[in-house]
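Peer 1: Sharing a model that was predicted from the sequence below.
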Amino acid sequence: MVDKPHLDEEALAELQNVMEDEFETLIHTYLSDSRERIESLKAALNDEDADAVAKTAHSFKGSCINIGAPRLGVLCREVEKAGIEDRLGDAQPVLGSIEEEFQRVAKALHALMAGAPDKRVR
Amino acid sequence: MDDPAETARLKILVADDSDSDRLILKSLLKRLGYSVVGAANGRDAVALFQSEVPDIVLLDALMPTMDGMEAARQIKSLAGERLVPLIFVTSLTEPEDLAGCLEAGGDGFLSKPYNPVMIKAKIQAFNRMRLMHQALSDQRDLMHERNRQLQEEQHIARRVFDNVAHTGCLGAPNIRYHASPLSIFSGDVLFASPRPAGGMLVFAGDFTGHGLPAAVGAMPVAESFYGMVAKGFDGSDILREINQKLVRILPKDMFCCGIMVEADFAQNQLKIWNGGLPDTWLLRSPTEQYTLPSRHLPLGILSADQFNADMQSIRSQPGDRLLLMTDGVLECTDSKGQLFGEQGVLHAVESVGGDAHPFDVLMSEIQQFTGQQQFGDDLTLCCLEMVDEAGQAALPDAGELSALAGPTQWQCVYEIRDSTLAEFNPLPLLLHICMEVPGLRRKSGEIYTLLSELYNNALEHGILRLTSEWKYTPEGFDRYYSERATRLSEVDGHYIKFSFHHERMPSGGCLRVVCEDSGRGFDFQNHPVLQATEMAQSGPRYGGRGLALLKRLAKSIHFHNKGNQIEVAYEWFY
């Protein structure tokens, strides 16, 4: 099911183009937002607050899609769905996958930023 | 954007709780040339909407503190009549959720991930909608303003019109009438005025068309009517003048249906001319009722030489009621669209009984028929009752003394002869000459009465040798008028001559009038009927009323020659 790429290269290139000098700010903002959201998801699962789980996962999903992290977006969607359908037991293992995937995305984005100036020169 | 200048000014409010999403959207929009303000939740969005007054709003549906739905509702309500396109940016996909966004006041959606091409196209589309709405609102406001101006102008026009076309003596106790308060713009007119020597003239008119054109046509009619009645002209004179005026000023497809009624309460006589209006009803008693249908074309159609202003003379009795109406009465409709019609009037007239006033009966039948308390604009109904002259308010001593002294020492002779006797009424002209004397102007009613008694006596009795007594029986009445018409066609060689002589007196003036006719005269010195009265020199040609009037008004009366010359002296004082 999760056959989406970790990063959508095309979308990220488009974003770099649009954001210009603010691209790095955007990535940092995204990364810190995402960490906050993962913490919120954990707390909501602990509290067994299905509504909060669904809403947080929904917002997280939107950011991931926009930034060009589609695989992470799909995982968020699964948690959102579990929250809506009040299947919090199913959400717990997916949260593990989200944390794992987020680490990968963060690494890749950092790598992208490191190489970004070259890309723009090209 | 299509218009760079417009683009530069366009301000967009972006509300999204996700910092990264908001950052992306703001950058995108700035690159497209818009000015952007951002909010992280619904409450801030509403506050920014008030302080920044953006042109377009992009809202995330799900936000903390206040979600997009509630923010949308508040923003739409704050925007009022202004159209502020409100676009939800969302990754929601469930139809119910999307429908909820639209119900909250959303105008459309943008889905994540953002696509710059789509965003640009959407914003342009919504901006076109916004500008169109703005243009429509501006035009509507302009129309409201124009409409207000127009109403104000009509209000002023109405006041001018009311000054010209005042209601005259419609308030007299023997008149009942209904005329719409908006009648000037409906094309109906109703005028009434007392005549200088007693009696009344009433005119009801119905112009083709509505609105200002009809009112403009009504103005000269009012002027002619009131001006001429006061100067002593009769109904026929006024009809001729109105007709000629309307022919000249109205466009071809416009004319005026009208009824002229001349009521002589002293002689108990009605004269009627009906051109194109519904039948007039003469109601004498529940069993004695007559219709007086239109016998002429409306006013403003025929040229002066084709126009027939002859009025139908009817002998009346005190208490007779004349019911005149415009087409609006017949054209009243009930809920099924059926017309009240002549049938409705007939039914109302036939059901008048006891003490009920026919005016009230007809009005209430119309109300019952239409099921409405309010009538259309173009309904005019008037009921004139024949009453004793004593109950009538005569013209008051008119006007103030002019600053100009006017002529005091003068004389003139005016003679009409042959066929002119049948065609021309010299009274208004003679009155006009006398009215040049300011002191006499205040006595126009008395002077007119005096002149008309002299003139009518000279013509009808002196020359035509008609007998007053005929007028007092129904058969005689008809005979009187048919004889009058016949004899008027044989007046060659006859004349009536008025000689005026006015001189100043210590505190006023004296007007001497000698009226001479070509008739045979009468033996005023040996007439037995007159020997006993103190007015020994009067003759039987004068009916009791005419003589009494002259005696009351004039200082002295003398007959000369063979009785075909009468001299009266009228004195006036400051």
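Peer 2: Yep, it's here.
Peer 1: contacts and neighbour counts: CA atoms only from here.
Peer 2: Will do.
Peer 1: which residue is nearest the centroid of chain A?
Peer 2: Per CA atoms, centre = their mean, the C-alpha nearest to the average position across chain A is that of A:Cys64, at 3.9 Å.
Peer 1: How about the contacts made by residue 85?
Peer 2: No chain was given, so I picked chain A. By CA atoms under 8 Å, 6 or more residues apart in numbering or on different chains, the contact list for A:Glu85 is empty.
Peer 1: should've been chain B
Peer 2: Residues in contact with B:Pro85, defined by CA under 8 Å, 6+ apart, are B:Asp55, B:Ile56, B:Val57, B:Gly106, B:Asp107, B:Phe126, B:Asn127, B:Arg130.
Peer 1: For PyMOL, what selects the buried ones among these?
Peer 2: Here is the PyMOL selection string for the buried members of the contacts of B:Pro85, based on 16 or more other CA atoms under 10 Å in any protein chain shown:
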select buried, chain B and resi 55+56+57+106+126+127+130
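Peer 1: Need the contacts of B:Pro85 in CSV (columns: pLDDT, secondary structure and distance to B:Gln269).
Peer 2: Output for the contacts of B:Pro85, formatted as CSV (pLDDT from 0 to 100; DSSP: H, G, I helix; E, B strand; the rest coil; distance: CA to CA, whole Å):
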residue, pLDDT, secondary structure, distance to B:Gln269
B:Asp55, 94, coil, 78
B:Ile56, 95, strand, 80
B:Val57, 95, strand, 82
B:Gly106, 91, coil, 79
B:Asp107, 92, coil, 78
B:Phe126, 93, helix, 78
B:Asn127, 93, helix, 78
B:Arg130, 92, helix, 73
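Peer 1: Per-residue pLDDT of residue 11, please?
Peer 2: Using chain A here. For A:Ala11, the pLDDT comes out at 85.
Peer 1: Hmm, no, I was thinking of chain B.
Peer 2: pLDDT recorded at B:Lys11 is 95.
Peer 1: ok, now the one 3 residues further on?
Peer 2: Reported pLDDT at B:Val14 in the predicted model: 95.
Peer 1: Surely it forms part of a strand?
Peer 2: Yes: counting by DSSP: H, G, I helix; E, B strand; the rest coil, B:Val14 is found in a strand.
Peer 1: what's the burial count for it?
Peer 2: 28 (other CA atoms under 10 Å in any protein chain shown).
Peer 1: Now do the same contact list for it.
Peer 2: So B:Val14 contacts B:Arg22, B:Leu25, B:Lys26, B:Val36, B:Val37, B:Gly38, B:Ala39, B:Ala45, B:Val57, B:Leu58, B:Leu59 (CA under 8 Å, 6+ apart).
Peer 1: what bridges to it?
Peer 2: B:Gly38, B:Leu58 (DSSP bridges).
Peer 1: Determine the set of other helices and strands touching the helix or strand containing B:Ile238.
Peer 2: Assigned by DSSP states H and E, B:Ile238 belongs to helix B:235-249. Contacts defined by 3 or more CA pairs under 8 Å, 6 or more residues apart in numbering or on different chains; DSSP states H and E place helix B:235-249 against helix B:211-230, strand B:256-264.
Peer 1: Check which helix or strand the residue of chain A found nearest chain B maps to.
Peer 2: At 4.4 Å from chain B, A:Asn66 is the closest residue in chain A, using CA to the nearest CA. Following DSSP H and E, one finds A:Asn66 within helix A:50-67.
Peer 1: Any buried residues in that helix, and which?
Peer 2: So for helix A:50-67, counting by 16+ other CA under 10 Å, buried means A:50, A:52-67.
Peer 1: circling back to that earlier point, got the angle for the helix holding B:Ile238 vs strand B:256-264?
Peer 2: 160 degrees (axes from the mean of the first three to the mean of the last three CA atoms, to 10 degrees).
Peer 1: what does the average pLDDT come to for helix B:235-249?
Peer 2: 94.
Peer 1: now do stretch B:265-281
Peer 2: On average, stretch B:265-281 scores 92.
Peer 1: which parts of that stretch are buried?
Peer 2: Result for stretch B:265-281 [16+ other CA under 10 Å]: buried residues B:265, B:267-281.
Peer 1: Tell me if I'm right that the residue of chain A closest to chain B and B:Ser111 touch.
Peer 2: No: at 9.9 Å, A:Asn66 does not count as touching B:Ser111 under the criterion of CA atoms under 8 Å.
Peer 1: Flag the shaky bits of the stretch 251-400 of chain B, pLDDT-wise.
Peer 2: Along the stretch 251-400 of chain B, the parts satisfying pLDDT under 70 run over B:373-377, B:389-400.
Peer 1: Taking it, what residue is nearest to chain A?
Peer 2: For the stretch 251-400 of chain B, CA to the nearest CA, closest residue to chain A: B:Ser335, 59.5 Å.
Peer 1: quick one: that residue is in a helix?
Peer 2: No: judged by three-state DSSP, B:Ser335 forms no part of a helix; its state is coil.
Peer 1: List the residues that contact it.
Peer 2: With contacts defined as CA under 8 Å, 6+ apart, B:Ser335 is in contact with B:Thr370, B:Gly371.
Peer 1: where exactly do the helices run in the stretch 401-550 of chain B?
Peer 2: B:420-423, B:427-434, B:438-441, B:444-456, B:474-488, B:528-531, B:544-553 (DSSP state H, counting those that start in this stretch).
Peer 1: With chain A instead?
Peer 2: Taking DSSP state H as the test, the helices found in chain A are A:9-19, A:23-46, A:50-67, A:70-84, A:88-121.
Peer 1: Let me have the helices and strands packed on helix B:235-249 in a markdown table, extended by mean neighbour count.
Peer 2: Converted to a markdown table, these look like this (neighbours: other CA atoms under 10 Å in any protein chain shown):
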| stretch | mean neighbour count |
| --- | --- |
| helix B:211-230 | 20 |
| strand B:256-264 | 26 |
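Peer 1: Can I get the ones you listed in JSON lines including distance to chain A?
Peer 2: Output for these, formatted as JSON lines (distance: least, CA to the nearest CA, whole Å):
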{"stretch": "helix B:211-230", "distance to chain A": "64"}
{"stretch": "strand B:256-264", "distance to chain A": "77"}
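Peer 1: Let me have those in CSV, extended by distance to B:Ser419.
Peer 2: Below are the helices and strands packed on helix B:235-249 laid out as CSV (distance: least, CA to CA, whole Å):
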stretch, distance to B:Ser419
helix B:211-230, 24
strand B:256-264, 25
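Peer 1: quick one: the residue nearest the centre of chain B from chain A, how far?
Peer 2: In chain B, the C-alpha closest to the average C-alpha coordinate belongs to B:Val189, at a distance of 3.5 Å (CA atoms, centre = their mean). From B:Val189 over to chain A the distance is 75 Å, taken as CA to the nearest CA, to the nearest Å.
Peer 1: so that residue sits in a strand?
Peer 2: Yes: the assignment for B:Val189 by three-state DSSP puts it in a strand.
Peer 1: Verify the stated contact: it with B:Gly205.
Peer 2: Yes: assessed by CA under 8 Å, B:Val189 is found in contact with B:Gly205 at 5.0 Å.
Peer 1: Can you give me the domain boundaries for chain B?
Peer 2: What automatic domain parsing lists as the domains of chain B is B:4-136, B:165-391, B:410-573.
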